[in-house]
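> Sequence and predicted structure, then a few things I'm wondering about:
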Amino acid sequence: MQRRAGGRAGPLPAAIGALCRALPLGSRPAPDTFRLAKFDRPQASPELWRLLYSLLKQIHEGGCTKSDTIDTQIRFVKSVLRYHGYGRPEFYQLPSDGSVGSRELLLAFSWLLHRINLLEQLLSVNRVKIRDETSLCTCGDNLLKSWKGMTELAPEHGLKNEVDIRYLQWLNGRLRFQWRSLHVDYQEQCKLLYKIHVYTNGSHMDQTVGHFSVTETDLIRQPDNYKQLMQLLESETSRLEAFLEWKQLEPVYWQWMETVLDTMAEDVFTCSAQDICSKKTTLANAPLCYCSADNIVEEIDQLTKDLVILGDGLCDVVTCKKSEWHEKIKGRERELLDEKEFSEAIGKIHKAVELKLSELKYQCAHKKNKMHGPCRLVFKDKHPASKMGFGRSRAKEALMNVSASELINELRMKEARLEKELKQLQEECRHKLTEVADGMDSVICIPPMKR
Amino acid sequence: MVPAGCARRLVSILNRALEDCAEQRRKLDHSLNQCQALLGDWKIHVPESPKLEVSTKSEENEPAAKELEELELLTRALEKVLRVRKSVLETPLQTVGAAEGEKTSDKKPAAKASITEQVPVSKESIPKTIKVTSLSKKPVTSKKASAYVLKAPYRTDLDVKRSHRKAPAQQSSRIPRVAVKGSTKGTSSQQAKTNVPVMGRKVIYAAAGSQQACGSPRSPLCKEQSFAFGDSTNHENSGAANLQLANPEKNSPGSLAESLVTQNPMAGDIPEWSPTPQTCTLWEKRSLLKLPPLYRKTYSRNSRLWETCCLCQTSAAAAATRNHFVERIQTTFCPSTPTISPAEIEEEINVLHDAYSLLSHRFKAENTGHTTWQSEYECLLTLEGLQTTVSQCLNKLQQLRRAAESQGRLQACCIGDAGCPSADCTPFRGQQCGNMSVLAVPLLYYSSLQELRDITALKLQVAMLCQKINIQKVMITELLPVLEYRLHHKDSVSHLYRAVYTLLCEGGERFPVLLHTRVF
């Protein structure tokens, strides 16, 4: 097979080579592994398992924390594939010592390549950090979601049966203090970052940015410390080149994958009838331990509740307004100037509203990418002394660029919403506790003054 | 002991939150240090003359004893500083101590006072101080200094100076300080003029080490100027430098040692007699800075490649062959595979979350008053549209719920087979936000410090509020039942009640007042 491909001046080896070179440095398989896997050679299996594990671990930050045995690695990989909806039962039946199944792994790998844009994700995740980055949203914060679902899992060691309430108060107070110190530290960092940006403004060769980032400034100050960074940049550059090459040669690879499927079909044909019968029709052995379905159902219920409340509110207002409108119309029926004019005006309004609503529907149905994810922090003087416009504005990126004022507005709205929610919760508690207080005899509770 | 029941989950959440905060602070500290180093003094790599190289090489031969000595000096200095800080304003005898203390406590007027005191300069104490300090430094400098020892008229001062030597171990910060101290002695005899320029230069170099001044344009200037001028600027600068040292650090004795230590890399170069000064700051070099050419090349190549990759589309042929393969493989999938994968469910839920916030925002916006009948009608139609969208979202949610339930059922049957020990699995969720397959990273433009501050503060506030809400929910589920239970059992719950009230209703900030009304 290899020789034939070689005789054809090998677009296939080139494609596979480009694919391998586009993968991150630590997880690069040998191109020969692919060929071995096509023929289901067992020696390719461990390498493919390792490959899948290391790649998927980079994308999903969870995974095995304690042990790194083959068993847990394999379970992790299976669970991720299950999470993304891979449905080949043979894959999930592969033994957990990783000794066989290279062809199945090859199929799974190729399916992932397509399904989650594996290469693009890996390139994004492994981007070399030379720019001042921040995030447009707080979704990725450790402080929020990651521990929400985990509280059940972490058993508290050494926790006595009863906890003193004062201990809780103390922990709470410590947390508040930490938040305040964090705030101070962040403000300090802003100040320093701003200074560095302003001082180095105008010195960067990249016109869209104009100033150095912290890493770049440090690079100037201490070039010796950053040799590794340069190496990483070089390797990233070569990976990007390999990616572009891969994009050119993609069709060859997919065609070859079809031949893999053909080969597999042939092999199955030659299998005994027993094996065919033992093929289960359910996805047994497909663990989903890394992703809990209960939390999702809980979330769905919460969201349903919220939407129902919103819907009811809308319903009330709409009926109210409708009746108002009808009365208005009835009252003005005699005064209506011109029926034609009136219906024209109505028509215009309908059109305008339809436009608005279709835009809204689109936004509601699609992932909102604008105010999410990591972004690069750039200082742009409002009144530039020098002519430093957008230069060659890359159209696609220019759409995604965000100005600070937009983000501030968005964050303010979020903050207001969250504060309201918190106040509501506290109010409910107050209500409940007042009831409890009434139940306590001979004690009067005087709540603190409202600020 | 006011028991609160088994509030296990709450404790673990709080501890986890504290850990996360601490981790964030550590990261932040690291980056703060880096930024401060960048904004502070930079050591310039001057092309070294062979003489310097020789001197440094000979220095290396000197045993580590010198380093040990300096280390010892440093620790003694630290102790002294701590002692001094305690007795900061006590005795006027300890003018030295006072001067030091003033500097550490960052009292500008006091420092100024000490500076103005020193304007009547005393010179001959200075050579001694230099000699004293340079004794612990390279022989190159000590040779020069020893020449002055003979001229020193006041031997007694040497003892006093030796005790000062124990103070800041680093020469650069020591010399201006010692110079300052020297002048407080109030000796007034003039030094021989020949000594002056040399020493002045030395002192100024040393001072330059702790200044934020690029020395090269200044040193020739200073040489020509009279010592008095140089000295006063020196004092001012040293005072300012000391203030600057004290300023960015928190006002604690430890910080003084920190500043001393940070001065070290810079000061290391000072005693070498290179005519070019060794430090400067970002502020001065700001328009002269240039990235290394290798980096520039790599960077531009890199960014061009990123651009190309972003714009790179999958060719039609590739898409066709790929889809064909994927369809084929999907026919081999198990028929009982649910059509919506968990990843897709989560994605859809995120979309619906955003949709919900968008819809409620629009709802609020439309509720404002309307003047003309046109806008009223428009509002009505919009609200109706919103209503239909909400019901569509609800339908979708129902679908997703059914899918999630079927996934859960499937998982339940698999658990038996797979036997997954949940202890060592940490669940993951898919990428929450940002389209990870898009290669471009958007730019966030800000135009003033206030904007940056606002963004940071608001993001932190949002994160904190989310966390508070979560904690509040857990507290409600864990603490209220305890209270009710105890009340039910007629236990005295006043303390518990008060604590629970504070935690739940006031965020731990304010307390209610409980009055006993028993009549005695």
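Received, thanks. The model shown is predicted, which means the values in this text are computed figures rather than measured ones. Residues are numbered from 1 along each chain as shown, chains lettered A, B, ... in the order given.
> Setting the sequence-adjacent residues aside, check what's closest to residue A:402.
residue B:444 (5.2 Å; Cβ to Cβ, 6 or more residues apart in numbering or on different chains). (Glycine included, C-beta is placed from N, CA and C.)
> Next, give phi and psi for that neighbour.
phi -110, psi 110 (degrees, to the nearest 10).
> wouldn't it be in contact with residue A:377 here?
Yes - judged on Cβ atoms under 8 Å, residue B:444 makes contact with residue A:377 at a distance of 5.4 Å.
> Closest residue of the stretch 251-400 of chain B to chain A?
Nearest residue of the stretch 251-400 of chain B to chain A, counting by Cβ to the nearest Cβ: residue B:341, 2.6 Å away.
> Tell me the spacing between that residue and residue A:80.
11 Å (Cβ to Cβ, to the nearest Å).
> So which residues of chain B form strands?
Ranges of strands within chain B are B:41-43, B:279-281, B:425-426, B:443-446, B:513-516, based on DSSP state E.
> Need the CA coordinates for the fourth one. CSV is fine.
If I follow you right, that is strand B:443-446. The C-alpha trace of strand B:443-446 is given here as CSV (Å, rounded to 0.1, in the frame of the first residue of the first chain):
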residue,chain,number,x,y,z
LEU,B,443,-9.3,42.5,20.1
LEU,B,444,-10.6,44.4,23.0
TYR,B,445,-9.9,48.1,22.5
TYR,B,446,-9.7,50.3,25.5
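> Please say which of residue B:341 and residue A:80 ends up with more neighbours.
Set residue B:341 next to residue A:80 and count neighbours by other Cβ atoms under 10 Å in any protein chain shown: residue A:80 wins out with 29 against 21.
> Just the pLDDT for residue B:383.
Per-residue pLDDT puts residue B:383 at 91.
> Quick one: residues contacting the closest residue to it other than its chain neighbours.
Nearest residue to residue B:383 in three dimensions, chain neighbours excluded: residue A:318, at 5.0 Å (Cβ to Cβ, 6+ apart). Taking Cβ atoms under 8 Å, 6 or more residues apart in numbering or on different chains, we find residue A:318 in contact with B:380, B:383, B:384, B:387.
> give me the number of residues near the first one?
Spelled out, that is residue B:380. Around residue B:380 there are 21 residues (other Cβ under 10 Å).
> Once you drop chain neighbours, what's closest to it?
residue A:321 (4.9 Å).
> Is it correct that the one you found falls within a helix?
Yes - checked against DSSP: H, G, I helix; E, B strand; the rest coil, residue A:321 lies within a helix.
> That one is in contact with residue B:381, isn't it?
No - at 10.0 Å, residue A:321 does not count as touching residue B:381 under the criterion of Cβ under 8 Å.
> Could you break chain A into its assigned domains?
Using automatic domain parsing, the domain ranges for chain A come out as A:1-131+A:229-279, A:315-438.
> How about chain B?
For chain B, the TED database gives the domain ranges B:293-334, B:339-413, B:449-519.
> Could you dump those domains into JSON lines and include distance to residue A:60?
Listed next are the domains of chain B as JSON lines, based on distance: least, Cβ to Cβ, whole Å:
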{"stretch": "domain B:293-334", "distance to residue A:60": "21"}
{"stretch": "domain B:339-413", "distance to residue A:60": "10"}
{"stretch": "domain B:449-519", "distance to residue A:60": "22"}
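> closest to residue A:381 out of those domains?
Closest to residue A:381 of the domains of chain B, according to Cβ to Cβ: domain B:449-519, at 11.8 Å.
> pLDDT weak spots in the stretch 101-250 of chain A?
A:139-161 (pLDDT under 70).
> which residues in it form helices?
With DSSP state H, counting those that start in this stretch as the criterion, the stretch 101-250 of chain A has helices at A:102-115, A:118-125, A:165-199, A:214-221, A:227-269.
> And the stretch 301-450 of chain A, by the same measure?
With DSSP H, counting those that start in this stretch as the criterion, the stretch 301-450 of chain A has helices spanning A:339-365, A:395-400, A:404-439.
> Just say which of those helices is most tucked in.
Most buried of the helices of the stretch 301-450 of chain A by mean neighbour count (mean count of other Cβ atoms under 10 Å in any protein chain shown) is helix A:404-439; its value is a mean of 16.
> Off-centre distance for that helix?
27 Å (Cα atoms, centre = their mean, to the nearest Å).
> That helix packs against which elements?
strand A:443-446, strand B:443-446, helix B:449-488, helix B:494-505 (3 or more Cβ pairs under 8 Å, 6 or more residues apart in numbering or on different chains; DSSP states H and E).
> Reformat the ones you listed as CSV; add mean pLDDT and distance to residue B:34.
Below are the helices and strands packed on helix A:404-439 laid out as CSV (pLDDT from 0 to 100; distance: least, Cβ to Cβ, whole Å):
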stretch, mean pLDDT, distance to residue B:34
strand A:443-446, 82, 51
strand B:443-446, 88, 20
helix B:449-488, 89, 17
helix B:494-505, 87, 38
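> Of these, which is nearest residue A:263?
Across the helices and strands packed on helix A:404-439, closest to residue A:263 is strand B:443-446 (Cβ to Cβ), at 48.0 Å.
> Packing partners of that closest one?
strand A:374-379, strand A:402-403, helix A:404-439, helix B:449-488.
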